[in-house]
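Q: Below: sequence and its predicted model.
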Amino acid sequence: MCGIAGIYAFNPAAPPADRAELRTIRDHMAARGPDGLGEWFSSDGRVAFGHRRLAIIDLTDAGAQPMQSADGQLVITFNGEIYNYRELRKELEAQGHIFRTGSDTEVLLHLYQAKGTAMLQDLRGMYAFALWDAAKQALLLARDPFGIKPLYYTPTRSGTGASSGTLRFASQVKALVAGGQIDTAPEPAGHTGYYLWGSVPAPYTLHRGVRNLPAGHFMWVDAGGAAEPQPFCLINDILASAAHNPAQGSKGDALDAIGAAVRDSIAAHHVADVPVGLFLSAGIDSALITALSVEHGERPHSLTLAFAEYVGTANDESPLAEQLAAQFGTRHSTVMVRKADFAEQRQRLLAAMDQPSIDGVNAWFVAQAAASQGIKVALSGLGGDELFASYPSFRDLPRMRNLARPFARWPALGKRLRKATLPLLSRFTSPKYAGLLEYGGTLGGAYLLRRALYMPWELGQVIGADLVRQGWKDLQTRARLDATAAGIPQDRLAVSALEMSWYMRHQLLRDTDWASMAQSLEVRVPFLDVPLLRAAAPWLAAHPGLTKRAIAAALAPALPRSVLHKPKTGFSVPVRDWLMGDLSATQERGMRGWARHVRRPQAGLKV
């Protein structure tokens, strides 16, 4: 796990890559890689790579980056982990490839030599990397299918200005900005998207001059500039294929197959040359990972975050987590967080937040707690809700769609009803209800109603109308949401696609990345694994009523009833109480009150 950076002056008229700029970008990400730093410059000065290293696999200096192939024709700077690198290495050695290190980074170089971009189909892991191919005189950028690891770049364009003729990339937006050559004019789609969702949806950022490489895509950059990103593995396609081709077999067969795939993924996510710890709450996801992790004969270090405000209440997960730790024999730590800790850490937290988010406080404190206990790698249960359909949205979105679908053929009617009922409904309940008939007729529209922070018609009251008008046009939110669920003729998998592609990818994974990397901690997510998804999705399509509780009970019978039958509550953090005192839920209108304290384009806390 690392921080990567690079500059490619692809246009001969552009100045060579600036060494000082590269080092500034790279070293702005020092927390992502405290174990080492490196740089590489092409002989003509047109290409420059930087790297900050968090050593997890091959801890020796031989694993340092940027790394060159033996013939010097390929250079790579890589962020992430390839969990099946040993298997890939054996296959490559059988073909005559000779390795000089024990790193997964070198496996990527040899795999590219053997297969080109087809290599991406073979990778199991989380990754973002840049690879320079001297023979092609071209730069390859690639990002993993779930979007676990970030990769930002500057769009290439003709004309004059800092970005003309040069592409820059990095693991963080703020690192690129620190280099001093980025167009930081407000990006309408980024600002509008933030107030719509509480996070900035890809491919946008807050800055006109920075883009987010979409998950599961690669992109070539050569003398002509950057080509359009090309997909190589899309989560939606896997789910659509499963929905069209459900598995054949009983519920017992489904439990066996899914259980085997979960076990395999957790085993793969333990591949490391340092100890792998566990985030342990009172929920099923982390409890299941803990139960299966100890099957490896290890005694891992587990960690629970507790809050002083919750002691003795139903929101305090630490007592049950401590019982689980004792049952499974982990080396357990409970770290208590208090309001004073939040006040002390607030500015540092906001400075580390790479893109604005209404969430991430829990990720920050649990990562800080893990680092304080000497944990360098931790497994998280993130993704279990999206894969195993345990959010209320899996029940509510189809119901909403079925209720509103008869009216979807008359969109003008829904809009008129929304305008007519909005003043009255806003006095007594959420204004979202006014948009039910206008938006709720599709799963994508229903998802917008459920997850949006502000509804489209409210955005102009929060930020400038002109900014919203252009941003909403560029975002194409309704069309993109409908496209996410389109082609998946099974509600359970269609909602999985929506949750994985939007809330999980743009908020949960992004918050996990910046918060953990600020503490030099690698967080792994075993439920977000392409082989697991390919194996489980056809069985979930065949048995849509199969619950996470049933899967966990079959896979880990030792899990106590107190965990399996615990009501779904989510991981609660008292941050709104810390910020605003005792406002009622009605007064703060849900998450909207929190959003007002996080970010405005012109004022408020700077992030």
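A: In hand now; what should we look at?
Q: any idea which element the closest residue to V177 other than its chain neighbours lies in?
A: Once flanking residues are discounted, V177 sits nearest to T184: 6.2 Å by Cβ to Cβ, 6 or more residues apart in numbering. All C-beta spots, glycine's among them, are computed from the backbone N, C-alpha and C. Using DSSP states H and E, T184 sits within no helix or strand.
Q: separation between T184 and G116?
A: 36 Å (Cβ to Cβ, to the nearest Å).
Q: Then L509?
A: On the measure of Cβ to Cβ, L509 and G116 end up 28 Å apart.
Q: what sits against the spatially most central residue of the chain?
A: Centroid check for the chain by Cα atoms, centre = their mean gives L509 as the closest residue, at 2.5 Å. For L509, the contact set (Cβ atoms under 8 Å, 6 or more residues apart in numbering) comprises F146, G147, I148, L382, V525, L528.
Q: okay, now the nearest residue to the fourth one once chain neighbours are set aside: neighbour count?
A: So that's L382. In space, and not counting its chain neighbours, L382 is closest to V525: 4.8 Å by Cβ to Cβ, 6+ apart. Counted by other Cβ atoms under 10 Å, the residues lying close to V525 total 23.
Q: I'd like the numbering to begin with 37 instead of 1 from here.
A: Sure thing, new numbering starts at 37, so read that last one as V561.
Q: can you pull the contacts of V561?
A: Residues in contact with V561 (Cβ under 8 Å, 6+ apart) are M162, F182, I184, H305, L415, S416, L418, G419, L545, T548.
Q: where's the fifth one relative to M103, distance?
A: Applying Cβ to Cβ, one obtains 27 Å for the distance of L415 from M103.
Q: send the alpha carbons of stretch 63-76 over as PDB?
A: This file holds the C-alpha atoms of stretch 63-76, laid out as PDB (Å, rounded to 0.1, in the frame of the first residue of the first chain):
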ATOM      1  CA  ASP A  63       6.000  13.900  -0.500                       C
ATOM      2  CA  HIS A  64       2.600  15.500   0.200                       C
ATOM      3  CA  MET A  65       1.500  11.800   0.500                       C
ATOM      4  CA  ALA A  66       4.300  10.900   3.000                       C
ATOM      5  CA  ALA A  67       1.800   9.300   5.400                       C
ATOM      6  CA  ARG A  68       0.700   6.800   2.700                       C
ATOM      7  CA  GLY A  69       4.200   5.500   2.600                       C
ATOM      8  CA  PRO A  70       6.500   6.100   5.600                       C
ATOM      9  CA  ASP A  71       8.700   3.100   4.900                       C
ATOM     10  CA  GLY A  72      10.500   4.400   1.800                       C
ATOM     11  CA  LEU A  73      10.400   6.800  -1.100                       C
ATOM     12  CA  GLY A  74      11.700   6.600  -4.700                       C
ATOM     13  CA  GLU A  75      11.700   8.400  -8.000                       C
ATOM     14  CA  TRP A  76      12.500   7.600 -11.700                       C
END
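Q: What residues sit buried inside that stretch?
A: Under the neighbour-count criterion of 16 or more other Cβ atoms under 10 Å, stretch 63-76 has D63, H64, M65, A67, R68, G69, D71, G72, L73, G74, E75, W76 buried.
Q: And those residues, which is closest to V498?
A: Distance to V498 across the buried residues of stretch 63-76 (Cβ to Cβ) is lowest for H64, with 30.3 Å.
Q: can you list contacts of the helix or strand encompassing S532?
A: In this assignment (DSSP H and E), S532 forms part of helix 527-535. For helix 527-535, contacts defined as Cβ under 8 Å, 6+ apart pick out 271-272, 275-276, 278-279, 421-423, 425, 427, 429-430, 433-434, 479-480, 483, 517, 520-521, 524, 573, 576-577, 580.
Q: And the next helix or strand past that helix?
A: helix 546-553.
Q: Determine how far that next one lies from the middle of the whole chain.
A: 9 Å (Cα atoms, centre = their mean, to the nearest Å).
Q: Now do the same for that helix: mean pLDDT, whole number.
A: Helix 546-553 shows an average pLDDT of 97 in the prediction.
Q: repeat for stretch 211-226
A: 97.
Q: Next, the buried residues of that stretch.
A: 211-215, 217-220, 222-226.
Q: distance between the ends of that stretch?
A: 18 Å (Cα to Cα, to the nearest Å).
Q: same deal with stretch 478-494?
A: Start-to-end, stretch 478-494 (Cα to Cα) is 21 Å.
Q: Repeat that for stretch 283-292.
A: 13 Å.
Q: For that stretch, which residues meet the burial criterion?
A: Here stretch 283-292 shows A283, A290, L291 as buried, counting by 16+ other Cβ under 10 Å.
Q: Go ahead and report the secondary structure state at the second one.
A: When states are read from DSSP: H, G, I helix; E, B strand; the rest coil, the local structure at A290 comes out as helix.
Q: For it, which non-adjacent residue is closest in space?
A: Nearest one to A290, counting by Cβ to Cβ, 6+ apart, is W575 at 4.0 Å.
Q: close enough to count as contact, L449 and F443?
A: Yes - taking contacts as Cβ atoms under 8 Å, L449 lies within contact range of F443: 6.3 Å.
Q: Show me which of the two is the more surrounded one.
A: F443 (16 against 13).
Q: mind listing what the nearest residue to that one once chain neighbours are set aside touches?
A: For F443, ignoring the flanking residues on the chain, the nearest one in space by Cβ to Cβ, 6+ apart is L473 at 4.5 Å. When contacts are counted by Cβ under 8 Å, 6+ apart, L473 touches A440, F443, L449, G450, L453, R454.
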